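Chemist: pasting the structure only:
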């Protein structure tokens, strides 16, 4: 009888421990400090919901402390990966018959060579157009060449390694920051489908658009999005307004480009050389 009582108590204690553990898993938790704190499944779920680790930060030894795609990634590895991705994207772009917009000139139909053998799927002539429209983006363009803002505004932070203006940590800025007053119209440089619209602590109000040939464009710090997930947008279509949301030091647009799921250096794609 005594041993039966001991066994019963032990079983109850085990069940209680499981209940407590299960309850702790159901508690709302704050967003992790680094993506390394997440499991692979959680990373996939967050990125599917729209979260973008759009800027990685590193300690003084060059080890990643936040925004990392892979655990133990170094700043040198991150920059090298993006450089390789950019080389691949540049090579593939040439096979489509595209050339980059000329340095110092807006993207246009004449600045981008129209070769006879350009694959038909690159241009979608019946893509929806809208008002207002970015006049320097050719109608039907599905590769993001050209600028997301009118007037060639100043680039306040280029792509590449930098000291983050808010945290003071070393970082890899995976895009371009354009100076823009709150409420400035943002345009999609290519036809595509809105993949996600979200809000987080760093990007603020964010937007991602999927284009053809493996391209995606990312927009951060928006005042508001003018489109919703699933919407089709035409080349040069108005998609958002610039703002000052998320982790910023002032109003601007952060603009990034991904190719086959990986960030590239967007400088040549916007025609800034």
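Modeler: Looks like it came in fine. For clarity, every value in this text was computed on a predicted model and none was experimentally measured.
Chemist: For the protein, give me the ranges with low pLDDT.
Modeler: 1-55, 67-71, 101-129, 162-168 (pLDDT under 70).
Chemist: 90 instead, please
Modeler: For the chain, the stretches with pLDDT under 90 are 1-82, 93-132, 135-142, 157, 159-174, 198-204, 212-213, 246-249, 261-262, 271-273.
Chemist: what about the helices in it?
Modeler: 2-26, 40-48, 75-95 (DSSP state H).
Chemist: Just give me the neighbour total for residue 161.
Modeler: Neighbours of residue 161 under the rule other CB atoms under 10 Å: 14. Just so you know, the C-beta spots here come from the backbone N, C-alpha and C atoms, and that holds for glycine as well.
Chemist: now do residue 216
Modeler: That count, for residue 216 with other CB under 10 Å as the rule, works out to 21.
Chemist: I figured it hits residue 258, correct?
Modeler: Yes. In terms of CB atoms under 8 Å, residue 216 counts as a neighbour of residue 258; the distance is 4.2 Å.
Chemist: How much space separates the residue nearest to residue 161 when sequence neighbours are not counted from residue 59?
Modeler: Among residues not flanking residue 161 along the chain, residue 172 sits closest, at 5.8 Å (CB to CB, 6 or more residues apart in numbering). Distance, residue 172 to residue 59, using CB to CB, to the nearest Å: 13 Å.
Chemist: With neighbour numbers in mind, choose between those two.
Modeler: Taking neighbours as other CB under 10 Å, residue 172 and residue 59 compare with residue 172 leading, 25 against 12.
Chemist: so who does that one touch?
Modeler: By CB atoms under 8 Å, 6 or more residues apart in numbering, the contact list for residue 172 reads 55, 56, 58, 75, 78, 79, 82, 160, 161, 162.
Chemist: at 6 Å instead, please
Modeler: By CB atoms under 6 Å, 6 or more residues apart in numbering, the residues touching residue 172 are 56, 78, 161.
Chemist: Kindly report the same for residue 205.
Modeler: So residue 205 contacts 199, 222, 245 (CB under 6 Å, 6+ apart).
Chemist: Look up how far residue 148 lies from it.
Modeler: Residue 205 is 15 Å from residue 148, by CB to CB.
Chemist: Throw the contacts of residue 172 into CSV and include distance to residue 134, thanks.
Modeler: Output for these, formatted as CSV (distance: CB to CB, whole Å):
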residue, distance to residue 134
56, 30
78, 31
161, 30
